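[1] Sharing a sequence plus its predicted fold:
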Amino acid sequence: MLPEDMVAIPVGGEQQHVVVAAPSYLRDASAPSTPADLKAHDCIQWRLAGAARYRWEYERHGERFTIETQGRLMLDDARLIAIAARAGAGIGYVAKAAIADDLADGTLVQLLHEWTPPYPGLTLYYTKNRHMSAGMRALISFVRELNRRGGGAEH
């Protein structure tokens, strides 16, 4: 729900994070059928600031939850996680847009499809009754033009 004095403009489309592995990794390990099965796998960890590990997010039948995975490799860059997954170092959790070509050519295989649905993309929020800087007005015009070209809807 959006307060009456706020405007929301989508920035880009839906996003999706997916669980992936290289066929070479899957030759030696059976593919997980549920997120809980990941405990038996070498998962490529995503290190956040302060040495915290990212907890992989899932949703199925309206239920949302996170899983803390385990693995020998911990990286702090999504591109490196994709590279490690391609090399067969383990199972990765990455943005689908970043590895779409790998999925298309079979370099990576998507796992746990039904547990990682798309989610709404980013949204720009602003109050409609406040004075805006010229830069903010230009940004809003730019995002609206992008949405017109891509068919996005405003709220």
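    Alright, I've got the coordinates. This structure is a prediction, so every number in the text was calculated from the model and none was measured.
[2] For the chain, which residues score under the pLDDT cut-off?
    Within the chain, the segments meeting pLDDT under 70 span 151-155.
[3] Try it again at 90.
    1-14, 28, 48-53, 62, 119-133, 136-137, 143-155 (pLDDT under 90).
[4] by contact count, what packs against the lengthiest helix in the chain?
    Counting residues, the longest helix found in the chain (DSSP state H) is helix 134-150. Under the contact definition 3 or more Cβ pairs under 8 Å, 6 or more residues apart in numbering; DSSP states H and E, helix 134-150 sits against strand 6-11, strand 122-127. Using the backbone N, CA and C atoms, a C-beta is placed for each residue, glycine as well.
[5] Mind checking those for the one nearest to R60?
    With Cβ to Cβ as the criterion, R60 lies closest to strand 122-127 of these, at 23.7 Å.
[6] now do the same end-to-end measure for stretch 29-45.
    18 Å (Cα to Cα, to the nearest Å).
[7] buried stuff in that stretch?
    32, 35, 38, 41-45 (16 or more other Cβ atoms under 10 Å).
[8] how far does it sit from the chain's center?
    Distance, stretch centre to chain centre, for stretch 29-45: 18 Å (Cα atoms, centre = their mean, to the nearest Å).
[9] Identify all contacting residues around that stretch.
    The contact list for stretch 29-45, computed with Cβ atoms under 8 Å, 6 or more residues apart in numbering, reads 19, 21, 25, 53-54, 56, 58, 65, 67, 69-75, 81, 84-85, 89-93, 109, 111-112, 115.
[10] how about a cut-off of 6 Å?
    53, 58, 67, 69, 71-74, 81, 84, 90-92, 111, 115 (Cβ atoms under 6 Å, 6 or more residues apart in numbering).
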